[in-house]
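Chemist: here are the coordinates; sequence isn't available:
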Ligand code: NCD
Ligand code: ZN
């Protein structure tokens, strides 16, 4: 197969940032994707429906002319979140989901939730009204090894929330372990998982072998090879509980290439090429559409996009820029470490 037409994809986990970086990166998403769930971890974070409304407008203001991209907004859950504001956000159609960042789990998450009990009134309201919860599934306890943080989160936090609020719809975002995949497969309802492009391609060796490579550092951090294999199996299975959330997370190079570099990998620009490569390798090209274009909208109660994109396999490798230049500095583009032949035409 040298070409494949699929419904236009959506990205169910995306960092667009703000200002100069957003203006430079947004076209890399809106070129191929119809919709994306926009992460709220700005500085300061997007915590109220009013914040989200203003941020949405800033996104639309920098959208390249002619692109019909629709940003799906999220609220950053805090211990002070007002359940009425969340309900209003859902009813007005402005807010698609609420995001739980355990305090300190990742970039710009210091204002996240420390004590889940304090967020319970909001979570209870969300379960009642049908507002989905997107979860960064890692514990932040210093004693827990960073490679175990997802598995421990599942046992100690996620399972507790799900038992307490069985009606709450939860997206376990950027699943990186077999433990996560198995936990989702074992849930009978109200749980789904997004998977990034890069976690289908790299394991932790990419980050650490032959030198420390900051452009492969993200959170949750890439794990061992058998976890990557489990993610590939889940993503290419066609199972409706798994869908694409790129977690494309641009940081300018000086913030990554330093003694304490930021987490985040920038993949928006070549994600569809990378995914076609992975799905072809797994003999599952015909299931790319389910992963990138069908399962996500079904989970969020939206229709799949009407229009389509065409992917073609070229003889010559596709040339992507090594950097996306922004007025704030260059952002390094994810290098999958193999030539990409698939391209969106
Ligand atoms: C994200 C960021 O930079 O905002 N970084 C990342 O490594 N994925 C935050 C996040 O989603 O964890
Ligand atoms: Zn993210």
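Modeler: Perfect, I can see it now. Keep in mind that this is a model prediction, so the values were computed, not measured. Ligands and ions are numbered 1, 2, ... in the order given.
Chemist: switch to C-alpha atoms for all contacts and neighbour counts from now on
Modeler: Noted.
Chemist: Which of the three states applies to residue 183?
Modeler: Taking DSSP: H, G, I helix; E, B strand; the rest coil as the rule, one finds residue 183 in the helix state.
Chemist: now the nearest residue to residue 293 once chain neighbours are set aside: how far from ligand 1?
Modeler: Distances taken as Cα to Cα, 6 or more residues apart in numbering place residue 9 nearest to residue 293, at 4.2 Å, with adjacent residues excluded. The gap separating residue 9 from ligand 1 is 20 Å, by Cα to the nearest ligand atom, to the nearest Å.
Chemist: mind checking how far residue 9 is from residue 81?
Modeler: According to Cα to Cα, to the nearest Å, residue 9 stands 32 Å off from residue 81.
Chemist: When those two are compared, which one has more neighbours?
Modeler: The residue with more neighbours, out of residue 9 and residue 81, is residue 9; 27 against 18, by other Cα atoms under 10 Å.
Chemist: Let me know whether the more buried one touches residue 305 as I believe.
Modeler: Yes: with contact defined as Cα atoms under 8 Å, residue 9 reaches residue 305; the gap is 7.5 Å.
Chemist: So which bits of the chain are right by ligand 1?
Modeler: Contact residues, the chain versus ligand 1 (Cα under 6 Å from any ligand atom): 106-107, 218-219, 247, 249, 263-264.
Chemist: Let's see that with 5 Å instead.
Modeler: The chain comes close to ligand 1 at residues 106-107, 218-219, 249, 263-264, as judged by Cα under 5 Å from any ligand atom.
Chemist: would you turn the residues you listed into JSON lines with neighbour count and distance to residue 194?
Modeler: What follows is those, written out as JSON lines (neighbours: other Cα atoms under 10 Å; distance: Cα to Cα, whole Å):
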{"residue": "106", "neighbour count": "20", "distance to residue 194": "17"}
{"residue": "107", "neighbour count": "16", "distance to residue 194": "19"}
{"residue": "218", "neighbour count": "22", "distance to residue 194": "15"}
{"residue": "219", "neighbour count": "19", "distance to residue 194": "14"}
{"residue": "249", "neighbour count": "22", "distance to residue 194": "15"}
{"residue": "263", "neighbour count": "20", "distance to residue 194": "18"}
{"residue": "264", "neighbour count": "23", "distance to residue 194": "16"}
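Chemist: Lowest-confidence one in those residues?
Modeler: Looking at the residues of the chain next to ligand 1 by pLDDT, the weakest one is residue 107, with 81.
Chemist: Name all residues that make contact with that residue.
Modeler: Neighbouring residues of residue 107 by Cα atoms under 8 Å, 6 or more residues apart in numbering: 41, 262-263.
Chemist: Residue 5 falls within a strand, correct?
Modeler: Yes: using three-state DSSP, the assignment for residue 5 is a strand.
Chemist: Isn't it up against residue 293?
Modeler: No: Residue 5 is beyond contact range of residue 293, at 11.3 Å (criterion: Cα under 8 Å).
Chemist: neighbour count winner among these two?
Modeler: Ranked by neighbour count (other Cα under 10 Å), residue 5 and residue 293 place residue 293 first, with 25 against 14.
Chemist: Just say helix, strand or coil for the more buried one.
Modeler: Residue 293, by the three-state scheme (three-state DSSP), is helix.
Chemist: doesn't residue 8 make contact with it?
Modeler: Yes: between residue 293 and residue 8 there is a contact under Cα under 8 Å: 6.1 Å.
Chemist: Pull up the overlap in contacts between those two.
Modeler: The contact sets of residue 293 and residue 8 overlap at residue 305 (Cα under 8 Å, 6+ apart).
Chemist: anything in contact with each of residue 9 and residue 305?
Modeler: 34, 293.
Chemist: In this structure, where is pLDDT below threshold?
Modeler: Across the chain, no stretch falls below the confidence threshold (pLDDT under 70).
Chemist: now the helices for it?
Modeler: 19-30, 49-62, 83-91, 116-129, 149-153, 159-164, 178-185, 205-208, 225-236, 253-256, 271-281, 288-289, 295-299 (DSSP state H).
Chemist: Tell me which of these sits most buried.
Modeler: helix 288-289 (a mean of 24; mean count of other Cα atoms under 10 Å).
Chemist: can I get the helices of the chain in a markdown table with distance to residue 327?
Modeler: Formatted as a markdown table, those follow (distance: least, Cα to Cα, whole Å):
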| stretch | distance to residue 327 |
| --- | --- |
| helix 19-30 | 6 |
| helix 49-62 | 14 |
| helix 83-91 | 33 |
| helix 116-129 | 38 |
| helix 149-153 | 35 |
| helix 159-164 | 42 |
| helix 178-185 | 38 |
| helix 205-208 | 27 |
| helix 225-236 | 35 |
| helix 253-256 | 12 |
| helix 271-281 | 23 |
| helix 288-289 | 35 |
| helix 295-299 | 33 |
